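*Asks:* quick one: sequence and predicted model below, then my questions.
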Amino acid sequence: MGQIRIIAGEFKGRYIKVPGCARPLEAKDRKRIFDLLAGYIRDADVLDLFAGSGSFGIEALSRGAKNVTFVETNRNALVLLKKNCLSVKPDLCGVNIVKEDALRFIQRDKNKYDIIFVDPPFLKGLGTRILQDLSKILSLLHSHGILLLRLHKKEAPAESIFSREIKLGDGILYIHYAQP
């Protein structure tokens with residue numbers, strides 16, 4: 001098990017634990033992403049699918065997101081996720097942790113989000129399944145929202161609705177800005 005540091009905002013400098021099987025974004029990559037989100041993050045409703053340790057959602061909370069819904073199914077990751085959230089938000093105000101398969105969650109959820117971050121495990125077929133359900137994910141996005149999808153470079157979408165791509169190690173971050 002490792003740990004990473006929150007890089008900015010209210011919780012800057014605090015560490016959260018990361019399971020050994022996780023592949024959290026490096027600090028420089030998180031900074032790049034959150035620099036892009038600067039105009040979206042304050043008071044945002046955020047959905048963190050395949051949340052793992054919660055590093056993305058916790059960084060969003062640290063930077064002023066109003067609510068973060070973390071969706072994770074792995075029991076060990078859920079234990080760490082809850083501990084990490086409690087370490088920065090002891091009252092869990094603005095935190096919603098859902099133990100559910102992300103693909104099932106997007107089929108049943110009716111909420112709208114300003115930011116959706118999707119980071120499925122690489123090369124396990126989940127990237128392909130997410131791309132097949134992309135229209136359902138987009139239906140959860142507010143008209144002014146932003147979708148961030150991190151996939152392994154070998155899982156690239158055949159046709160792209162994404163307006164921007166950023167290479168991050170073995171992965172590519174695909175970005176879609178909703179049009180009001």
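*Replies:* Noted; the coordinates are in hand.
*Asks:* doesn't A22 fall inside a strand?
*Replies:* No - judged by DSSP: H, G, I helix; E, B strand; the rest coil, A22 forms no part of a strand; its state is coil.
*Asks:* tell me who's in contact with it.
*Replies:* G52, S53, A77 (Cβ atoms under 8 Å, 6 or more residues apart in numbering). For the C-beta atoms, the positions are set from N, CA and C on the backbone; glycine is no exception.
*Asks:* next one, pLDDT for it please.
*Replies:* Looking at A22, its pLDDT reads 70.
*Asks:* quick one: it from L149, how far?
*Replies:* For A22, the distance to L149 equals 18 Å [Cβ to Cβ, to the nearest Å].
*Asks:* do the same with K66
*Replies:* Applying Cβ to Cβ to K66 and L149 gives a distance of 22 Å.
*Asks:* neighbour count: the two, which is higher?
*Replies:* More neighbours surround L149 than the other of K66 and L149, with 25 against 15 (other Cβ atoms under 10 Å).
*Asks:* send the alpha carbons of the helix or strand harbouring the more buried one over as PDB?
*Replies:* Here L149 sits within strand 141-152, counting by DSSP states H and E. The C-alpha trace of strand 141-152 is given here as PDB (Å, rounded to 0.1, in the frame of the first residue of the first chain):
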ATOM      1  CA  LEU A 141     -23.900  15.200 -17.400                       C
ATOM      2  CA  HIS A 142     -25.300  18.700 -16.900                       C
ATOM      3  CA  SER A 143     -25.600  20.800 -20.000                       C
ATOM      4  CA  HIS A 144     -22.500  22.800 -18.900                       C
ATOM      5  CA  GLY A 145     -20.600  19.800 -17.600                       C
ATOM      6  CA  ILE A 146     -17.300  18.000 -18.500                       C
ATOM      7  CA  LEU A 147     -16.600  14.300 -18.900                       C
ATOM      8  CA  LEU A 148     -13.100  13.000 -18.300                       C
ATOM      9  CA  LEU A 149     -12.400   9.400 -19.400                       C
ATOM     10  CA  ARG A 150      -9.000   7.800 -18.700                       C
ATOM     11  CA  LEU A 151      -8.300   4.700 -20.800                       C
ATOM     12  CA  HIS A 152      -5.200   2.700 -21.700                       C
END
